[in-house]
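Task: produce atomic coordinates for the following.
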Amino acid sequence: MSDNIARRIGKNIAAARKASKRTQADVAEAVGIDTVSLSRIERGVVTPGLPTLDKIADELRVPVGRLFDGASANTSALADNIISQLEPLKDADRLFLVEQVQIWAKKLAAKK
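Okay, the predicted model is just below:
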């Protein structure tokens, strides 16, 4: 896995952990790894295996796919990222943002 992907996954794990107001030690213990290992994962020094990623996601109560946000530029990954960003919003706010994406997509497509 490339360094960039490892760093992005690590940043996403750190962000999810901080958003849940949990310490590295707390999450590491719950997942069954040591704090140093979680620190290395969060810094992108190492990339955890899928079973560990799954445990981390479960512990932080986020979809495992969210840990990959920004790690890929393919359309499906970007759509999943947008969906995860829209989920916590009110219906009216979601509709507003979807309309804005449609407007900008048309503008950008017209430039080609």
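
For stretch 21-41, buried residues please.
With burial defined by 16 or more other Cβ atoms under 10 Å, the residues of stretch 21-41 counted as buried are 24, 27-28, 31, 33, 37-41. C-betas here are computed from N, CA, C, even on glycine.

Break down the chain into its helices, ranges please.
3-19, 24-31, 35-42, 50-60, 75-86, 91-111 (DSSP state H).

relative to helix 35-42, how tilted is the fourth one?
This means helix 50-60. Orientation note: helix 50-60 sits at an angle of 100 degrees relative to helix 35-42 (axes from the mean of the first three to the mean of the last three Cα atoms, to 10 degrees).

Check which residues of helix 50-60 are buried.
52-53, 55-57, 59-60.

ok, those vs Phe68, which is closest?
Leu53 (8.7 Å; Cβ to Cβ).
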